[in-house]
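*Asks:* Provided below are the primary sequence and the corresponding predicted coordinates.
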Amino acid sequence: MKKSRFTEEKIISIIREADAGVKVIDLCRKHGMSDASFYKWKARYGGLDVSQLRRLKDLESENSLLKRMYAELSLTHQALQDAVEKKL
């Protein structure tokens, strides 16, 4: 996946500039981005603060870890069930 030139903190600061009244076209020209990128970022990071964003990232990483753990456990459980059924 392509890495963005902008960090999440920078994206939030750009969105705050727009909320302060700067035109989107001027922001896009100033920061060298497309208006589609701005609106995509605004949809994703619209009401977030930097601390909330960090918390969101932590929760997403924890969630992915838990999903992997669940998948591994369910595979083990299924293998054990298959082994028990074969013995009967």
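*Replies:* Looks like it arrived, so ask away. Numbers count the residues shown, from 1 in each chain.

*Asks:* hey, where'd the helices end up in this structure?
*Replies:* For the chain, the helices defined by DSSP state H cover 8-19, 24-31, 35-45, 50-87.

*Asks:* just so I know, which of those helices lies nearest Lys2?
*Replies:* Nearest to Lys2, of all the helices of the chain, is helix 35-45, at 12.1 Å by CB to CB. Backbone N, C-alpha and C define where each C-beta goes, glycine included.

*Asks:* tell me which residues of the closest one are tucked away?
*Replies:* 38, 41-42, 45 (16 or more other CB atoms under 10 Å).

*Asks:* Give me the contact list for it.
*Replies:* Outside helix 35-45, the residues within contact range by CB atoms under 8 Å, 6 or more residues apart in numbering are 8, 11-12, 14-15, 18, 24-25, 27-28, 53.

*Asks:* before we move on, the earlier item: Serialize the helices of the chain to CSV and add fields for mean pLDDT.
*Replies:* As requested, those are exported to CSV (pLDDT from 0 to 100):
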stretch, mean pLDDT
helix 8-19, 92
helix 24-31, 94
helix 35-45, 93
helix 50-87, 93
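
*Asks:* for the ones you listed, which one ends up most surrounded?
*Replies:* For those, average neighbour numbers computed from mean count of other CB atoms under 10 Å are highest in helix 8-19, which has a mean of 16.

*Asks:* report the angle between the axes of that helix and helix 50-87?
*Replies:* Relative orientation of helix 8-19 versus helix 50-87 (axes from the mean of the first three to the mean of the last three CA atoms, to 10 degrees): 130 degrees.

*Asks:* which strands and helices sit next to helix 8-19?
*Replies:* On a contact count with 3 or more CB pairs under 8 Å, 6 or more residues apart in numbering; DSSP states H and E, helix 8-19 meets helix 24-31, helix 35-45, helix 50-87.

*Asks:* Which one of the ones you listed lies nearest to Ser4?
*Replies:* Nearest of the helices and strands packed on helix 8-19 (CB to CB): helix 35-45, 8.7 Å.

*Asks:* So for Gly21, what's the pLDDT?
*Replies:* Gly21 carries a pLDDT value of 92.

*Asks:* Pull up the gap between it and Leu27, please.
*Replies:* 11 Å (CB to CB, to the nearest Å).
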